[in-house]
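Engineer: Show me how the following folds:
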Amino acid sequence: MLEVEDKVATTHRGHAVYIGKGMAMRPVIAEIFGRETGACGGRAGHMLVADASKGVVGGNAIVGAGIPAAAGMALSMQVMGQKNVAMCVFGDGAAQTGICHEAMNMAALWKLPVVFVLEHNQFGLTVRSAVQSSVEDISVRAAGYGMPSEIVDGNDAIAVYRAVSAMVDRARRGEGPGMVECKTYRLEGFSTSDMGGYQSPEEIAAWKLRDPITVSRAALLADVGEEKLAAIEAEAKAEVDEAFRLALSDPMPQFSIDEACKPYSEAH
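Structural biologist: Reported below is the predicted structural model:
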């Protein structure tokens, strides 16, 4: 769906997007652990992982800030006559920010090649979306900007792929921005400081049964077979385990106090 030259911006927890856009697993994990072999030399941390060579502009620690960044990237593509697309993946909490409305309005006004992918996981920090949003389906707001939108089951990988691909193709043809709202659920707290307690065990259990990996496995079983699926799972687990092993054995960044105190212009 996205090409190498296309750009993507994410939330500060966009690790799956980084991998999906083509980044290798080890540099991502090494960056999370602050290692020298990390994608950003161990200096960005888990919130700001980026790799320009893969079109990964990076995460953003400011809620909603990736939305105007993606619109800006799309504008530059349009001005330079490139047939590329920018994409922003954000949450329902970010959808309530003022900058989200401004960016979407400008994107529609100028027919920018940008796709807004909303991961509607029903919580903004510890507060349910219903307390933050005046509408249940946030994507209905897209009509106010004159852009198309679609709501999909966010736990169905195939449905998400088809909907987002259609919006990407449309943007690449020069038909302007689009929005896809992926309905899903956040099973865990939003950070290590979030001890939970505001979600019912029954609700969590029901959504765990609809884990995207579980749903995808069931969809593939008839065509692929248990033996091949088990082999794929084992291979994926081995790849992840090896990436963690290597990243955790990699060295920490080394720099002197003098270098750290230099102005950026001198150091670079």
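Engineer: how close does Met167 sit to Met87?
Structural biologist: Using Cβ to Cβ, to the nearest Å, Met167 is found at 9 Å from Met87. Every C-beta, even on glycine, is put in place using the N, C-alpha and C of the backbone.
Engineer: ok now stretch 182-195, how far from the chain's centre?
Structural biologist: Here the centre of stretch 182-195 is set off from its chain's centre by 15 Å, with Cα atoms, centre = their mean, to the nearest Å.
Engineer: Kindly export it (C-alpha atoms) in PDB.
Structural biologist: In PDB, the C-alpha atoms belonging to stretch 182-195 read as follows (Å, rounded to 0.1, in the frame of the first residue of the first chain):
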ATOM      1  CA  CYS A 182     -10.500   1.600  13.000                       C
ATOM      2  CA  LYS A 183     -12.700   0.600  15.900                       C
ATOM      3  CA  THR A 184     -10.600  -1.300  18.400                       C
ATOM      4  CA  TYR A 185      -9.900  -1.500  22.100                       C
ATOM      5  CA  ARG A 186      -7.000  -0.700  24.400                       C
ATOM      6  CA  LEU A 187      -6.400  -3.800  26.700                       C
ATOM      7  CA  GLU A 188      -3.700  -2.300  28.900                       C
ATOM      8  CA  GLY A 189      -3.000   1.000  30.600                       C
ATOM      9  CA  PHE A 190      -1.700   3.900  28.500                       C
ATOM     10  CA  SER A 191       1.700   3.800  30.200                       C
ATOM     11  CA  THR A 192       3.700   2.200  33.100                       C
ATOM     12  CA  SER A 193       2.200   4.800  35.400                       C
ATOM     13  CA  ASP A 194      -1.400   3.700  34.600                       C
ATOM     14  CA  MET A 195      -2.400   1.000  37.000                       C
END
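Engineer: So for it, what gets flagged as buried?
Structural biologist: Within stretch 182-195, the residues that qualify as buried are Cys182, Lys183, Thr184, Tyr185, Arg186, Gly189, Phe190, counting by 16 or more other Cβ atoms under 10 Å.
Engineer: And the strands in the stretch 101-250 of the chain, which stretches?
Structural biologist: 114-120, 123-124, 127-128, 149-153, 178-183 (DSSP state E, counting those that start in this stretch).
Engineer: Low-confidence stretches in the chain?
Structural biologist: 256-268 (pLDDT under 70).
Engineer: at 90 what do you get?
Structural biologist: By pLDDT under 90, the weakly predicted segments of the chain are 1, 12-13, 45-46, 58-61, 124-127, 188-197, 254-268.
Engineer: With distance to Asn105 added, can I get the strands of the stretch 101-250 of the chain in CSV?
Structural biologist: CSV is the format used below for the strands of the stretch 101-250 of the chain (distance: least, Cβ to Cβ, whole Å):
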stretch, distance to Asn105
strand 114-120, 12
strand 123-124, 21
strand 127-128, 26
strand 149-153, 14
strand 178-183, 13
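Engineer: Check these for me and report the most buried one.
Structural biologist: strand 114-120 (a mean of 27; mean count of other Cβ atoms under 10 Å).
Engineer: Tell me which residues are up against it.
Structural biologist: Contacts with strand 114-120, where a contact means Cβ atoms under 8 Å, 6 or more residues apart in numbering, come from 11, 67, 70-71, 73-74, 85-92, 95, 104, 107, 129, 138-139, 142, 154, 164, 167-168, 171, 177-184.
Engineer: Tell me the strands beside that strand, with direction?
Structural biologist: Paired strands of strand 114-120, with direction, are strand 86-91 (parallel), strand 178-183 (parallel) (DSSP bridges).
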